[in-house]
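[1] Predicted coordinates and the sequence they were generated for:
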Amino acid sequence: MNHLTGRAAIVTGGGRGIGRGHCLALAAAGARVVVNDIDADAAEAVVREIAEAGGSAIASTANIASRAGAEDLIAASVAAFGGLDILVNNAGNLRDRSFLKMSDEEFDQVWTVHVKGTFWCTQIAAARMRDQGRGGAIVNTTSGAHFGSFGQTNYAAAKGAIASMTYTWALELARYGIRVNAIGPTGTTRMSETFAGGTPLPYVDPTRNGALVVFLASDAARQVSGQIFGSGGTRVAHMVQPHYGKTLYREDGWTVEALEAVFIQQFAGEFGALGMLGQPYPFHEGVGPGERAVESAA
């Protein structure tokens with residue numbers, strides 16, 4: 001069914017993997033798609049694939065790691081399709097390294113693409129959607145890595161920032177009819193193959209996130225904004241917004257002695273699974289200088 005007929009969509013990082021899947025799904029739903037990727041050959045290959053299936057698409061090699069690149073990208077959609085209705089912020093990179101070994105350059109390379117790229121593209125796209133007066137849909141890309149992921153301080157921080165931006169933009173842009181959601185997609189890609197934080201994972205078709213992106217971009221999801229979903233494979237999971245859990249009150253406020261008397265007893269049972277892979281809380285016995293976690297070679 002053509003849920004998105006006539007609408008113009010941009011997918012950053014659309015030349016391969018999960019982004020390619022988004023492009024194919026959007027085009028199959030009737031959207032006209034800007035396939036954005038710094039790899040021109042990959043972007044053009046997806047455009048051809050869409051055209052062969054009867055869809056409409058153009059390629060863009062604008063680099064969204066700068067405001068000028070983001071401006072060029074949104075301008076490409078306006079020039080080709082007369083406007084912009086859907087933005088999918090999917091572009092990303094990895095520079096995995098354990099925290100004490102991570103360089104400024106490795107942090108900045110990830111932060112610039114994921115966080116600033118998402119900020120620049122969304123700000124420029126949302127302004128265009130506001131001026132068009134017909135609303136729009138923005139789908140960001142976060143990850144369970146922002147729960148904590150060994151060797152990925154830069155990536156985890158970036159994905160946490162994107163989650164927080166998603167909540168904020170949903171509040172600010174609703175007045176213009178613009179909905180903002182995010183997905184934490186799963187799929188076997190070139191990026192996932194570089195992940196050093198665990199054992200190899202089974203193959204997951206990266207295109208199986210596209211249906212959720214189409215749904216979130218469509219009128220069927222007009223009541224959905226400021227939400228994050230885990231997707232891919234056979235699942236769609238609601239990622240619950242961070243919120244305060246168990247809370248203790250003391251009439252006169254808290255002293256160190258009062259906290260010492262009750263803190264561990266009251267809160268230790270609340271310390272659940274830690275990290276992206278949901279490992280059982282590892283610190284119930286304490287953390288001290290004689291206890292050393294296994295460190296990645298990265």
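    Here it is on my side, so go on.
[2] that's a strand at V180, yeah?
    Yes. Read with DSSP: H, G, I helix; E, B strand; the rest coil, V180 is one of the residues of a strand.
[3] Just give the number of residues close to it.
    27 (other Cβ atoms under 10 Å). From N, CA and C alone the C-beta is placed, and that goes for glycine too.
[4] show me the contacts for it.
    T122, A137, I138, N140, T166, W169, A170, L173, S225, G226 (Cβ atoms under 8 Å, 6 or more residues apart in numbering).
[5] Look at it and report its pLDDT.
    In this prediction, V180 carries a pLDDT score of 98.
[6] Any idea what it is bridged to?
    Taking DSSP bridges, one finds I138 as the beta-bridge partners of V180.
[7] sorry, back to before: which ones among the contacts of V180 lie within strands?
    Among the contacts of V180, the members falling in strands are A137, I138, N140 (criterion: DSSP state E).
[8] just to revisit the earlier point, buried members of the contacts of V180 into PyMOL, please.
    Here is the PyMOL command that selects only those of the contacts of V180 that count as buried (16 or more other Cβ atoms under 10 Å):
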select buried, resi 122+137+138+140+166+169+170+173+225+226
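[9] Just list the residues touching S225, thanks.
    If you count contacts by Cβ under 8 Å, 6+ apart, S225 has them with A170, A174, R179, V180, N181.
[10] and which of the residues you listed is nearest to A28?
    Using Cβ to Cβ, N181 comes nearest to A28 of the contacts of S225, at 20.0 Å.
[11] which residues sit in contact with that closest one?
    Residues near N181 by Cβ under 8 Å, 6+ apart: 137-140, 166, 170, 216, 221, 224-229.
[12] rerun that using 6 Å as the cut-off
    With contacts defined as Cβ atoms under 6 Å, 6 or more residues apart in numbering, N181 is in contact with V139, L216, Q227.
[13] Any figure for the gap between the first one and N89?
    In this structure, V139 and N89 are separated by 7 Å, where distance is defined by Cβ to Cβ, to the nearest Å.
[14] same deal with the second one?
    With the distance defined as Cβ to Cβ, L216 ends up 12 Å from N89.
[15] and the angle from the helix or strand containing F229 to strand 136-141?
    Under the criterion of DSSP states H and E, F229 resides in strand 228-232. Interaxial angle of strand 228-232 relative to strand 136-141 (axes from the mean of the first three to the mean of the last three Cα atoms, to 10 degrees): 70 degrees.
[16] Would you mind writing the CA trace of strand 228-232 as PDB?
    Written as PDB, here are the backbone C-alpha positions of strand 228-232 (Å, rounded to 0.1, in the frame of the first residue of the first chain):
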ATOM      1  CA  ILE A 228      11.900   5.600  20.700                       C
ATOM      2  CA  PHE A 229      11.500   2.100  19.500                       C
ATOM      3  CA  GLY A 230      13.900  -0.800  19.200                       C
ATOM      4  CA  SER A 231      13.500  -2.400  15.800                       C
ATOM      5  CA  GLY A 232      14.800  -5.100  13.500                       C
END
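[17] ok, longest helix in this protein?
    The helix spanning the most residues in the chain, taking DSSP state H as the definition, is helix 153-173.
[18] where do the helices sit along this protein?
    With helices called from DSSP H, the chain shows them at 17-28, 40-52, 67-81, 104-111, 117-132, 153-173, 210-217, 256-267.
[19] Highest mean neighbour count out of those?
    The highest mean neighbour count among these, using mean count of other Cβ atoms under 10 Å, belongs to helix 17-28: a mean of 27.
[20] which helices and strands sit right next to that helix?
    Helix 17-28 sits against strand 8-12, strand 32-36, helix 40-52, helix 210-217, with contacts defined as 3 or more Cβ pairs under 6 Å, 6 or more residues apart in numbering; DSSP states H and E.
[21] Name the strands paired with the first one and say parallel or antiparallel.
    Strand pairing for strand 8-12, determined by DSSP bridges: strand 32-36 (parallel), strand 86-88 (parallel).
[22] buried ones in the first one?
    Neighbour-count burial for strand 32-36, counted by 16+ other Cβ under 10 Å, picks out R32, V33, V34, V35, N36.
[23] okay, and for the protein, where does confidence drop off?
    Across the chain, residues meeting the criterion (pLDDT under 70) sit at 1, 189-201, 290-298.
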